[in-house]
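>>> Pasting the sequence and the predicted model now:
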Amino acid sequence: MLNRMGRVFASAALLATCFLSTAQAEEKVINFGLMSTESSTNLRSVWQPFLDDMSKKTGLKVNATFASDYAGLIQGMRFNKVDIAWLGNKGAMEAVDRSNGEIFAQTAAANGAAGYWSLLIVRKDSPINSVEDMLKNAKDLTFGNGDPNSTSGYLVPGYYVFAKNNVNAATAFKRTLNSSHEVNALSVAKGQLDVATFNTESWDRLVVTQPDQAAMLKVIWKSPLIPADPMVWNKGLSDVDKGKIREFFATYGDTDHEKAVLKEMQLGKFLPSSDDQLLPIRQLDLFKQRTEVNASTTLDAKEKAERLKELDAGLAKLQERITKLEKKSTSSASAG
């Protein structure tokens, strides 16, 4: 009798364990990818309240995943290790084209700005005061370029500062290094770099987190406006999970608590978006390539003509899409 009861209890315990294991296995975990432009500890403390709210409101377990560069997040999404990522526009373009990514929302600045700006910075006591000064003295300078997948740290200055002046940033300087925004800025402040790429969002964060370092810097160039950063999800997420996530981002920032969380993140309410956000960035990328091809001394005339024809066709296709969207936007505004 006792043996039979023991077997019954053991079976019940085993069954309960199986149910528990199944429930745990079925619990959906969303890995939220963040680029460590600052130290991971600082970033986690700023983002954790937002991620906790996301878990609470969606019913999904949300974990932060930090990467030291955009390539890590893009690769993570490609191999289903990252489900959502906050990326720059250039990084988002790579994720959309190569890692099954899709833009679903867009960040907004706390001050209401429609985007942000790329910068070139030097120490305040530097004799370099302009792009012209920098290029004239490039062979004597150490340059801090951005992550190759960064919009403000690499693509934008790559076109407006270097390609338009027929300069190769990789060879023009005494030494060129690639790093994150924060590392570049702090290296300039410490005198380890003479000039580096940066952006206005990172500048605002540095003023708050390390005001003494920010005070040692000055800006020698500011770009045209860059569209605000996109939020990208892996298209492999279920429609149910996408719906929960989209709803969360669309409504977050309505309560006083949520407004306070966004303020700490130096963000305003998120805006809906799509892959079309990347159209001007794709244009910029092709313009940069076209400028480089046109200035090339290694391509023969036939190769150059073929490559320029291909790039012009790509630019025309992008412009066609942009024009179509502008007409649609104008029609909607008129109807409203």
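Everything's here; your move.
>>> following the worst-scoring helix or strand of the chain on mean pLDDT, which helix or strand shows up next?
The helix or strand of the chain with the lowest confidence, counting by mean pLDDT, DSSP states H and E, is helix 2-26 at a mean of 45. Scanning forward in sequence from helix 2-26 by DSSP states H and E, the next helix or strand is strand 29-35.
>>> Now do that next one, average pLDDT.
In this model, strand 29-35 has an average pLDDT of 94.
>>> got the residue ranges for the strands in the stretch 151-300 of the chain?
175-178, 195-199, 217-222, 226-227, 230-234, 271-272 (DSSP state E, counting those that start in this stretch).
>>> can you list the domains in this structure?
By the assignment in automatic domain parsing, the chain contains the domains 11-15+22-113+229-275, 115-226, 279-335.
>>> Would you mind giving these as JSON lines with mean neighbour count added?
C-beta: built from backbone N, CA, C; applies to glycine. Output for the domains of the chain, formatted as JSON lines (neighbours: other C-beta atoms under 10 Å):
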{"stretch": "domain 11-15+22-113+229-275", "mean neighbour count": "18"}
{"stretch": "domain 115-226", "mean neighbour count": "19"}
{"stretch": "domain 279-335", "mean neighbour count": "13"}
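>>> check which helix or strand covers K81.
Per DSSP H and E, there is no helix or strand for K81.
>>> how much space between the nearest residue to it once chain neighbours are set aside and A95?
In space, K81 comes closest to N31 once its chain neighbours are excluded; the distance is 6.3 Å by C-beta to C-beta, 6 or more residues apart in numbering. Applying C-beta to C-beta, to the nearest Å, the value for N31 to A95 is 14 Å.
>>> L177 too?
Counting by C-beta to C-beta, the gap from L177 to A95 is 25 Å.
>>> Please apply the same query to E102.
The gap separating E102 from A95 is 9 Å, by C-beta to C-beta.
>>> list residues touching both of the two?
V232 (C-beta atoms under 8 Å, 6 or more residues apart in numbering).
>>> Contact partners for K304?
Taking C-beta under 8 Å, 6+ apart, one finds 293-294, 296 in contact with K304.
>>> what is the rounded mean pLDDT of stretch 225-243?
The pLDDT scores in stretch 225-243 average 95.
>>> Please spell out the segments of this protein that come in under the pLDDT threshold.
For the chain, the stretches with pLDDT under 70 are 1-27, 37-41, 333-336.
>>> Now do the helices in it.
Listed in chain order, the helices of the chain (DSSP state H) span 2-26, 40-58, 70-78, 89-98, 131-136, 156-157, 169-172, 181-189, 200-209, 211-214, 239-251, 256-264, 279-295, 301-335.
>>> Off-centre distance for the shortest one?
Just to be clear, that refers to helix 156-157. The chain centroid and the centroid of helix 156-157 are separated by 14 Å, computed with C-alpha atoms, centre = their mean, to the nearest Å.
>>> same check, this time on the last one
Going by C-alpha atoms, centre = their mean, the spacing between the C-alpha centre of helix 301-335 and its chain's C-alpha centre is 24 Å.
>>> what is the orientation angle of that helix with helix 279-295?
Relative orientation of helix 301-335 versus helix 279-295 (axes from the mean of the first three to the mean of the last three C-alpha atoms, to 10 degrees): 160 degrees.
>>> follow-up on the earlier one: same list (the contacts of K304) but as TSV, adding distance to S331.
Formatted as TSV, the contacts of K304 follow (distance: C-beta to C-beta, whole Å):
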residue	distance to S331
V293	37
N294	37
S296	42
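>>> wait, what's in contact with T200?
With the criterion set at C-beta under 8 Å, 6+ apart, T200 makes contact with 116-117, 119, 222.
>>> Among those, which are located in strands?
116, 119, 222 (DSSP state E).
>>> Find the nearest non-adjacent residue to M231, please.
Using C-beta to C-beta, 6+ apart, the nearest residue to M231 is A105, at 4.2 Å.
>>> what's across from that neighbour in the sheet?
Per DSSP bridges, the residues bridged to A105 are M231, P272.
>>> any idea how far K235 is from it?
Distance from A105 to K235, by C-beta to C-beta: 15 Å.
>>> Same question for A316.
Per C-beta to C-beta, A316 is found 28 Å from K235.
>>> S152 reaches P224, doesn't it?
No - contact criterion C-beta atoms under 8 Å: S152 and P224 do not qualify, at 11.2 Å.
>>> Mutual contacts of the two, please.
Here S152 and P224 have W117 as joint contacts, going by C-beta under 8 Å, 6+ apart.
>>> Alpha carbons of stretch 299-312, in PDB - could you do that?
Coordinates of each C-alpha in stretch 299-312 appear next as PDB, following Å, rounded to 0.1, in the frame of the first residue of the first chain:
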ATOM      1  CA  LEU A 299      38.600  52.100 -62.800                       C
ATOM      2  CA  ASP A 300      38.900  52.200 -66.600                       C
ATOM      3  CA  ALA A 301      36.500  54.400 -68.600                       C
ATOM      4  CA  LYS A 302      34.200  51.400 -69.400                       C
ATOM      5  CA  GLU A 303      34.000  50.100 -65.800                       C
ATOM      6  CA  LYS A 304      33.400  53.600 -64.500                       C
ATOM      7  CA  ALA A 305      30.600  54.300 -67.000                       C
ATOM      8  CA  GLU A 306      28.900  51.000 -66.200                       C
ATOM      9  CA  ARG A 307      29.100  51.500 -62.500                       C
ATOM     10  CA  LEU A 308      27.800  55.100 -62.700                       C
ATOM     11  CA  LYS A 309      24.900  53.900 -64.900                       C
ATOM     12  CA  GLU A 310      24.100  51.300 -62.300                       C
ATOM     13  CA  LEU A 311      24.200  53.800 -59.400                       C
ATOM     14  CA  ASP A 312      22.100  56.400 -61.400                       C
END
